[in-house]
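Participant: Below are the sequence and a predicted model for it; my questions follow.
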Amino acid sequence: MNTTADQIYIVGTGISGLVAARTLEKKGYAPVILESSDRPGGRVKSDTESGVVYDHGFQVLLTAYPQARRHLDFDKLNLRRFLPGALVFNTGTPQRIGDPLRNFSSLLPTLNSKVGTLKDKWKIFRLSSGLKQKSVDEIFATPEQTTLQYLEAYGFSDQVIRTFFKPFFGGIFLEEALSTSSRMFEFTFKMFSEGYAAIPDSGIGAIAAQLVAGLNRTTIRYNQPVQQVTSGAVILKGGEKLPSRATLITVPFNPETGELRESGVAWERCDNLYFNVSKRTFEEGVIALVADPDALINNLYFPFGQNAEGCPVLSVTVVKKHALSKAELIQRVSEDLERYCGIKTKSFLKHYAVERALPKRGDLKMKPVEVQSLDFDNLFLAGDYLLNGSLNAAMASGEAAAEALAASLA
Ligand SMILES: Cc1cc2nc3c(=O)[nH]c(=O)nc-3n(C[C@H](O)[C@H](O)[C@H](O)COP(=O)(O)OP(=O)(O)OC[C@H]3O[C@@H](n4cnc5c(N)ncnc54)[C@H](O)[C@@H]3O)c2cc1C
């Protein structure tokens with residue numbers, strides 16, 4: 001089979017598009033990726049300026065992700081691990097909450113911490129052990145409720161929900177009401193219990209860079225925004241029409257017209273601000289949470305090995321809704337850091353407002369069902385928005401869509 005002669009297009013060089021290209025290459029195809037921006041990675045990007053690495057929003061790779069284990073070479077990513085658990089700033093006094101299952105040294109502060117009752121700590125241990133026995137398939141087949149309802153039904157105290165679960169999972173789901181599906185909670189909790197949260201040494205963008213480097217027969221065309229897909233063609237914004245034998249789209253599109261415009265997908269947003277500070281007030285590798293309900297900031301950490309102007313860099317994430325201008329936001333975040341965490345910032349470094357960070361959706365899945373659009377011939381769908389907002393889902397969707405495409409052509 002001469003698969004290189006096939007005109008196969010992938011729209012988007014996000015993680016789903018890159019994994020789709022990798023999967024198609026393994027089947028012998030040589031796809032072309034059309035990317036609207038000037039570099040790969042989609043939501044997984046880092047900038048390096050004056051030797052400092054800035055991720056576009058704080059995100060972590062969970063090393064237990066089954067898809068990441070298959071598609072990434074962890075050793076070559078030089079992963080820097082976060083310590084399990086978190087440091088919680090609650091009314092001024094930082095408290096360490098850890099996972100005694102993996103990091104025994106965190107047991108004592110966990111037992112002593114005022115973040116939750118002893119019963120809560122036992123329940124966290126029990127939940128973690130229980131989820132280790134529950135498969136990912138079982139998790140995504142369990143009836144959904146909100147994460148908050150799930151935690152209340154599990155019998156956690158209001159105190160531990162407010163001081164640990166809301167800031168910790170609010171920072172992951174990018175919404176503090178914990179209205180995200182309990183399936184996502186169980187999946188994420190399981191992944192945290194079975195592996196580590198980590199970031200590549202050179203920033204989260206290294207994940208996309210590794211996937212790009214692994215492609216040998218794929219052509220990536222940057223600055224090529226796609227306007228519309230039809231049965232048999234891809235139409236670029238400039239009007240150029242590319243005949244296509246099969247197309248795999250990784251972004252939301254309008255199933256009636258084939259236009260790549262927002263199609264009813266709602267998104268969670270966040271702000272990520274970087275400052276430098278005179279000294280680290282807690283260790284690298286620790287994720288700190290701000291539990292005080294009046295604080296705007298959600299979490300902070302010291303990016304591994306990052307110094308600007310000879311001082312440690314601090315990354316801060318805001319999840320709560322606000323209507324502040326950039327200048328007001330910087331001011332407010334600096335005040336919050338001092339007030340709730342006792343951290344005085346030296347200077348402001350960078351701000352990323354990530355408007356489309358995570359897709360909001362119900363009926364979360366981990367196995368794609370919508371791999372093919374029935375309205376168009378040979379049009380295949382991928383992207384985290386079809387399943388759930390995670391690197392694992394992006395990879396799973398890209399792989400499944402590419403397999404369906406290859407099967408259809410074969
Ligand atoms: C702030 C933040 C925190 C996160 N935290 C985590 C975390 O801790 N752990 C985790 O697992 N996941 C996390 N995620 C989610 C994870 O990053 C995403 O699930 C994943 O990157 C989505 O990949 P994708 O390929 O589906 O989509 P995208 O990354 O959105 O890729 C789509 C690509 O298509 C391109 N494109 C768009 N329109 C067009 C067009 N018309 N023509 C051509 N190209 C187009 C875009 O430029 C982009 O490159 C986080 C995301 C963000 C933003």
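Facilitator: Received, thanks.

Participant: alpha carbons only for contacts and neighbour counts from here, please
Facilitator: OK.

Participant: What is the longest strand anywhere in the chain packed up against?
Facilitator: Longest strand of the chain, by residue count under DSSP state E: strand 345-360. Packed against strand 345-360, as judged by 3 or more CA pairs under 8 Å, 6 or more residues apart in numbering; DSSP states H and E, are the following elements: strand 266-277, helix 326-341.

Participant: Now do that strand: distance to the chain's middle.
Facilitator: In terms of CA atoms, centre = their mean, to the nearest Å, the centre of strand 345-360 is found 14 Å from the chain centre.

Participant: Partner strands of it, with direction?
Facilitator: For strand 345-360, the paired strands and their directions (DSSP bridges) read strand 266-277 (antiparallel).

Participant: mind listing what the helix or strand just after the partner strand pairs with, with the direction of each?
Facilitator: Once the chain leaves strand 266-277, the next helix or strand it forms, by DSSP states H and E, is strand 288-290. Sheet pairing here is set by DSSP bridges, and for strand 288-290 it gives strand 86-90 (parallel), strand 297-301 (antiparallel).

Participant: Show me how far the helix or strand that the last one is followed by is from its chain's centre.
Facilitator: With elements assigned by DSSP H and E, the helix or strand that comes after strand 297-301 is strand 307-308. Mean C-alpha position of strand 307-308 versus that of the full chain (CA atoms, centre = their mean) differs by 25 Å.

Participant: Note down every partner strand of strand 307-308 and its orientation.
Facilitator: According to DSSP bridges, strand 307-308 forms sheet pairs with strand 311-318 (antiparallel).

Participant: Out of the strands paired with strand 288-290, which gets nearest to the ligand?
Facilitator: Checking these against the ligand by CA to the nearest ligand atom gives strand 297-301 as the closest, at 12.2 Å.

Participant: ok, and for the closest one, which residues are buried?
Facilitator: By neighbour count on 16 or more other CA atoms under 10 Å, the buried set for strand 297-301 is 297, 298, 299, 300, 301.

Participant: hang on, the earlier thing: export the strands paired with strand 288-290 to JSON lines and tack on distance to residue 58 and mean pLDDT?
Facilitator: Output for the strands paired with strand 288-290, formatted as JSON lines (distance: least, CA to CA, whole Å; pLDDT from 0 to 100):
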{"stretch": "strand 86-90", "distance to residue 58": "15", "mean pLDDT": "88"}
{"stretch": "strand 297-301", "distance to residue 58": "9", "mean pLDDT": "97"}
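
Participant: Would you point to the one among the helices and strands packed on strand 345-360 that's packed deepest?
Facilitator: For the helices and strands packed on strand 345-360, the largest average neighbour count (mean count of other CA atoms under 10 Å) is found in strand 266-277, namely a mean of 21.

Participant: circling back: can you dump the C-alpha atoms of the longest strand of the chain in CSV for me?
Facilitator: The C-alpha atoms that make up strand 345-360 are tabulated as CSV, following Å, rounded to 0.1, in the frame of the first residue of the first chain:
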residue,chain,number,x,y,z
THR,A,345,7.2,39.8,45.8
LYS,A,346,10.2,41.6,44.4
SER,A,347,9.0,42.2,40.8
PHE,A,348,6.4,41.1,38.4
LEU,A,349,7.6,38.9,35.6
LYS,A,350,4.8,37.6,33.4
HIS,A,351,1.1,37.0,33.1
TYR,A,352,-0.8,34.5,31.0
ALA,A,353,-4.6,34.8,30.8
VAL,A,354,-5.7,31.4,29.5
GLU,A,355,-9.2,31.9,28.3
ARG,A,356,-9.8,28.4,26.9
ALA,A,357,-8.1,26.2,29.4
LEU,A,358,-10.4,23.3,30.1
PRO,A,359,-13.6,22.3,28.3
LYS,A,360,-16.6,22.2,30.5
